[in-house]
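Visitor: no letters, just coordinates:
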Ligand SMILES: Cc1cc2nc3c(=O)[nH]c(=O)nc-3n(C[C@H](O)[C@H](O)[C@H](O)COP(=O)(O)OP(=O)(O)OC[C@H]3O[C@@H](n4cnc5c(N)ncnc54)[C@H](O)[C@@H]3O)c2cc1C
Ligand SMILES: NC(=O)C1=CN([C@@H]2O[C@H](COP(=O)(O)OP(=O)(O)OC[C@H]3O[C@@H](n4cnc5c(N)ncnc54)[C@H](O)[C@@H]3O)[C@@H](O)[C@H]2O)C=CC1
C-alpha cells in the first residue's frame, strides 16, 4: 500500500471501523462484489463479527458478537483486505483516506463506521472510568477488585447492567431522574425492577459464555488504571458475563440510589480535607447513608449537597460519535448529538461518503414508530443497509428503505429479566396525546402499552410475556383497538386468538 510519495492504493469500496457496523457493511459488499477488493480500515487489531444471527420476529433480532482476529474475516471473505491502522484524515474531495502510518488509499465509495466513545463527566480525571471496549472493561474489573465503594453516574443501559452485576462492593448510584433506567423504562417499570436490585439473594449468574474479558486482579491498591486510549470497538452481548465483577467485601449486593442529582464536583482526598478545614460553606461531615470513619481516595460532591467518598467513579453517561478524524477539511452536516447526519440512503452530506452505526445520526424522516438508539442491532442493520445502498448507487439501481426501519424493536436483559421494547415504548415525542395500559404481576412480568387514538404505538414487555410478536403486529398494522378496551391486556384472554 502506498506511503508518502508513492501512488495511493485503490479500492472501489472502503469501510472504516472493525465494529459491528463496519464488519457487516464490508461483508455485504464482499458478497455482492466478489471480484472487487473491499478495504476495511480499523484502529483495533480485532474485529467484531455477528454470529448465530436469529430473526426472532418481523423486526426483533438476536445474535452473538464475537471478537475475532481480522485474519479470520479475510479467510471467510478473501476479497476483504483489513488494514490495521487508524484513519488520520479524510480528503473527501480527492476521495482519499490517510491512515496513522502515513499511507494513502483512494476509494470510489466509502462508509464511515468508526463508532462512538464514552461521553465522560469530568473527562481526564484519573478516578473517572468509562466502559466501552475490552480494554476499558478490563481496567474497570481490575479497579473493582480493589474497591470497597464506587459511585456509578448515569441511568442508561450500562449503569443498569453494572449496578445489578457488581458484588462485594458498595455502589452509590447517582441519577438525574426520579426513577431508575430512564432510557428504557418509566417509573412504573422501575418500581417493578427495584426489588430485584435490593434483594440480598440473587439467582446464580448465568454460566459464563466468554472468558476472554477476564484479567487477574492485582493485589496492590493504587489509583485507578484507566484503559489505554486506543479505540476498540464496543463490547458485545453479555459482555459482563466473563468478567468477575467483585469488590473486596464479603457481602453480595449493596446499592444506594441518589435520585434527581448530578455530580457537582470531584475532590481528591487532600483537596477534600483542605476544603473541610478551610471552607465555611463546605460540609464538615459527609452526609452519607452511614457516616464514614475511613478516608477515601476521592470524594464526589452531588448537586443535592451530599458528598460520598469512594475508590473511583464510573461515568455511564452516554456516548459521543467518533467523528474527529473525519471533520477536518470536510464540510459534513453534523447532528445535535455530534453524529454524521445520514439520509435515507445512509449517505452523509458529502458525495460518496456513507456512514452507519454509532457514528451516524439518522436524519431522514423516520417512520412514526422508529427512532435511532445507539445499539448493536441498529449498528448491524445500518451497516448492512449502507452496503446495499452503496451497491445500488454504484449500479445505478433504486432502493427502498429497509423494513427494519419501520419499527423500533429491541430485545435485551436487565436484572435477569427478558426486556422487549417496541416502537414509542416510552411515549417518546407523543406529548400528552397518548394513553397507557398496564398489567403487572410482581416479580413475574410487567407489560405496558402506549396507545394513541385507539392504536398501539409502543410497548415495554418485561419477563416471559410471550406478547412481542402479537404487539409487533398490532403496532405495524395500526389496527383500531378501541373496541377491545382494557381486554387488550387481560391475562385471561388469549390475545393472539383475538387477532388471528
Ligand atoms: C458496555 C456496553 C454494553 C452495551 N450493551 C448493549 C446491549 O446490550 N445491546 C445493544 O444493542 N447494544 C449495546 N451496546 C451498544 C453497542 O455495543 C453499540 O451500539 C455498537 O456496538 C456500535 O457498533 P459500531 O460498529 O457502530 O461501533 P464500534 O463497535 O464502536 O466500532 C467502531 C470501530 O471503529 C474503529 N475506529 C474508531 N476510530 C477509528 C479511526 N479513526 N480509524 C479507523 N478505525 C477506527 C474502532 O477500532 C472499532 O473497530 C453496548 C455498548 C457498551 C459500551
Ligand atoms: N442492554 C442494552 O441494550 C444496553 C445498551 N447499551 C448502549 O450502549 C451505549 C452506552 O450506554 P450508556 O453510557 O449507559 O448510555 P445511555 O445513553 O443508555 O445512557 C446515558 C445515561 O446517562 C445520563 N446522563 C447523561 N449525562 C449525564 C450527566 N452529565 N450526569 C448524570 N447523568 C447523565 C442520561 O440521562 C442517561 O440516563 C448506549 O448507546 C446504550 O443504549 C449499553 C448497555 C446495555
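Guide: Done, it's in. No experiment lies behind these values; they were computed from the predicted model shown. Ligands and ions are numbered 1, 2, ... in the order given.

Visitor: let me know the distance separating the nearest residue to residue 252 once chain neighbours are set aside from residue 53.
Guide: Nearest residue to residue 252 in three dimensions, chain neighbours excluded: residue 167, at 5.3 Å (Cβ to Cβ, 6 or more residues apart in numbering). C-beta here means a position set from N, CA and C on the backbone, and glycine is covered the same way. The spacing between residue 167 and residue 53, counted by Cβ to Cβ, to the nearest Å, is 32 Å.

Visitor: more neighbours, the two?
Guide: residue 167 (19 against 11; other Cβ atoms under 10 Å).

Visitor: surely that one touches residue 248?
Guide: No - taking contacts as Cβ atoms under 8 Å, residue 167 lies outside contact range of residue 248: 10.7 Å.

Visitor: for stretch 270-285, buried residues please.
Guide: With burial defined by 16 or more other Cβ atoms under 10 Å, the residues of stretch 270-285 counted as buried are 272, 275-276.

Visitor: do the same with stretch 408-425
Guide: By neighbour count with 16+ other Cβ under 10 Å, stretch 408-425 contains the buried residues 408-412, 414-415, 417, 419-425.

Visitor: quick one: end-to-end distance for it.
Guide: End-to-end distance for stretch 408-425: 9 Å, by Cα to Cα, to the nearest Å.

Visitor: do that stretch and ligand 1 meet at all?
Guide: Yes - judged by Cβ under 6 Å from any ligand atom, stretch 408-425 comes into contact with ligand 1 through residue 412.

Visitor: equivalent analysis for stretch 177-193, please.
Guide: No - Stretch 177-193 stays clear of ligand 1 (Cβ under 6 Å from any ligand atom), getting no nearer than 10.4 Å.

Visitor: cool, stretch 105-116 as well?
Guide: Yes - using Cβ under 6 Å from any ligand atom, stretch 105-116 reaches ligand 1 at 113-116.

Visitor: and the residues you listed, which two are the farthest apart?
Guide: The most widely separated members of the residues of stretch 105-116 next to ligand 1 are 113 and 116, with 10.7 Å between them, by Cβ to Cβ.

Visitor: overlap in contacts of those two?
Guide: Residues touching both residue 113 and residue 116 (Cβ atoms under 8 Å, 6 or more residues apart in numbering): residue 359.

Visitor: now the end-to-end length of stretch 78-86.
Guide: This stretch, stretch 78-86, spans 22 Å end to end (Cα to Cα).

Visitor: so for it, what gets flagged as buried?
Guide: In stretch 78-86, counting by 16+ other Cβ under 10 Å, buried: 79-86.

Visitor: now it: average pLDDT?
Guide: Across stretch 78-86, pLDDT averages out at 96.

Visitor: outside of that stretch itself, list whatever touches it.
Guide: Here stretch 78-86 has contacts from 1, 11, 18, 26-27, 30, 33-45, 47, 70-71, 73-74, 99-101, 103, 105, 231, 325, using Cβ under 8 Å, 6+ apart.

Visitor: mark which of those residues are buried, thanks.
Guide: 1, 11, 18, 26-27, 30, 33, 37-44, 47, 70, 73-74, 99, 103, 105, 231, 325.

Visitor: circling back: from the buried residues of stretch 78-86, which ones fall inside strands?
Guide: Under the assignment DSSP state E, those contribute 80-84 to strands.

Visitor: can you tell me which of the residues you listed are up against ligand 1?
Guide: Checking those against ligand 1 (Cβ under 6 Å from any ligand atom), there are no matches.

Visitor: so can I have JSON lines of the residues you listed showing distance to residue 454?
Guide: JSON lines is the format used below for these (distance: Cβ to Cβ, whole Å):
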{"residue": "80", "distance to residue 454": "50"}
{"residue": "81", "distance to residue 454": "55"}
{"residue": "82", "distance to residue 454": "52"}
{"residue": "83", "distance to residue 454": "54"}
{"residue": "84", "distance to residue 454": "55"}
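
Visitor: alongside ligand 2, which residues does this protein contribute?
Guide: The chain has residues 121, 153-159, 161, 176, 182-183, 262, 316-319, 373-375, 412 near ligand 2, with proximity defined as Cβ under 6 Å from any ligand atom.

Visitor: hmm, back to that, could you identify the most distant pair in the buried residues of stretch 78-86?
Guide: 79 and 86 (22.8 Å).

Visitor: can you name the residue of this structure nearest ligand 2?
Guide: For the chain and ligand 2, the shortest gap (Cβ to the nearest ligand atom) falls at residue 156, measuring 1.9 Å.

Visitor: show me the shaky parts of the stretch 401-500 of the chain.
Guide: 495-500 (pLDDT under 70).

Visitor: now the strands for it?
Guide: Here the stretch 401-500 of the chain has its strands, by DSSP state E, counting those that start in this stretch, at 409-414, 417-423, 435-441, 445-452, 455-462.

Visitor: so which of those gets nearest residue 491?
Guide: Here strand 435-441 is closest among the strands of the stretch 401-500 of the chain (Cβ to Cβ), at 6.6 Å.

Visitor: ok, longest helix in the protein?
Guide: helix 376-395 (DSSP state H).

Visitor: what is the least confident helix or strand in the chain?
Guide: Lowest by mean pLDDT, DSSP states H and E among the helices and strands of the chain is helix 495-499, with a mean of 67.

Visitor: and residue 331, how far from ligand 1?
Guide: Going from residue 331 to ligand 1 by Cβ to the nearest ligand atom, to the nearest Å gives 19 Å.

Visitor: quick check, that residue in contact with residue 349.
Guide: Yes - in this structure, residue 331 is within contact of residue 349 by Cβ under 8 Å, at 7.2 Å.

Visitor: so the two - more neighbours on which side?
Guide: Shown here are residue 331 and residue 349; by other Cβ under 10 Å, residue 349 has more neighbours (15 against 10).

Visitor: which residue is the nearest non-sequential neighbour of that one?
Guide: Of all residues not flanking residue 349 in the chain, residue 333 sits nearest, at 3.8 Å (Cβ to Cβ, 6+ apart).

Visitor: sorry, back to before: what bridges to the residue nearest to residue 252?
Guide: Taking DSSP bridges as the rule, residue 167 bridges to residue 246.

Visitor: list the contacts for it?
Guide: 245-247, 251-253.

Visitor: what helices and strands are in contact with the helix or strand hosting residue 308?
Guide: Secondary structure assignment for residue 308, by DSSP states H and E: strand 307-310. Under the contact criterion of 3 or more Cβ pairs under 8 Å, 6 or more residues apart in numbering; DSSP states H and E, strand 307-310 touches strand 149-153, strand 298-302.

Visitor: how about those, which one is nearest ligand 1?
Guide: strand 149-153 (12.7 Å).

Visitor: so how far is the next helix or strand after that closest one from its chain's centroid?
Guide: Following strand 149-153 in sequence order, the next helix or strand is helix 157-165 (DSSP H and E). Helix 157-165 sits 12 Å away from the centroid of its parent chain (Cα atoms, centre = their mean, to the nearest Å).
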